[in-house]
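Undergrad: Structure, please.
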Amino acid sequence: MVLKIAGWVFSFEQAHHPYQHSPDEFLATELNFWFRERKIDYLWAVGTDYPRGSMQPVIVLARRRREDPKSTLSRFYRVRELDEDREVKKQVLEESGLNDEDLPWVTVVDPFFEY
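TA: You can find the predicted model right below:
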């Protein structure tokens, strides 16, 4: 059983914004604070590496998270992007100025490297 998250992945460079004053390691926390200020409870910013083991730090804007009893680190089912996810993505694209191709949908297993 492992934690799985699903959402859009982007680099730290893509996540930088003019009012960010924190170093990269606090970027996910800063984004989550920004979401809370605006009462956005349907996104969760998670700093991890993707693909797993690549040592490429990224931010995942997670739409879903759950402990999956049937998944392992090497065997897991991908979470599909649903229509309601795409509606949220439109809002993210408007706010960020990024293009649709800049935010691919991914499933990340064990984003906090517990196993």
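Undergrad: Show me where this protein dips below the pLDDT cut-off.
TA: Within the chain, the set of residues satisfying pLDDT under 70 comprises 16-24.
Undergrad: the strands in it, which residues?
TA: Under the criterion DSSP state E, the chain contains strands at 2-11, 44-49, 57-68, 105-109.
Undergrad: Could you please name the strands the shortest one pairs with and the direction of each pair?
TA: Meaning strand 105-109. Next to strand 105-109 in the sheet, as set by DSSP bridges, lie strand 2-11 (antiparallel).
Undergrad: In the partner strand, which residues are buried?
TA: Residues Val2, Leu3, Lys4, Ile5, Ala6, Gly7, Trp8, Val9, Phe10 are the ones in strand 2-11 that count as buried (16 or more other C-beta atoms under 10 Å). Using the backbone N, CA and C atoms, a C-beta is placed for each residue, glycine as well.
Undergrad: and the first one, how far is that from Thr107?
TA: Remark: distance between Val2 and Thr107 (C-beta to C-beta, to the nearest Å) = 11 Å.
Undergrad: Quick check: neighbours shared by these two?
TA: Phe76 (C-beta atoms under 8 Å, 6 or more residues apart in numbering).
Undergrad: that older thread, is it possible to export the buried residues of strand 2-11 to CSV including distance to Arg86?
TA: Below are the buried residues of strand 2-11 laid out as CSV (distance: C-beta to C-beta, whole Å):
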residue, distance to Arg86
Val2, 26
Leu3, 24
Lys4, 20
Ile5, 17
Ala6, 13
Gly7, 12
Trp8, 10
Val9, 16
Phe10, 16
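Undergrad: just those residues now: which is nearest Glu25?
TA: When the buried residues of strand 2-11 are ranked by distance to Glu25 (C-beta to C-beta), Phe10 comes first, at 16.2 Å.
Undergrad: Tell me what the closest one is bridged to.
TA: Ile59.
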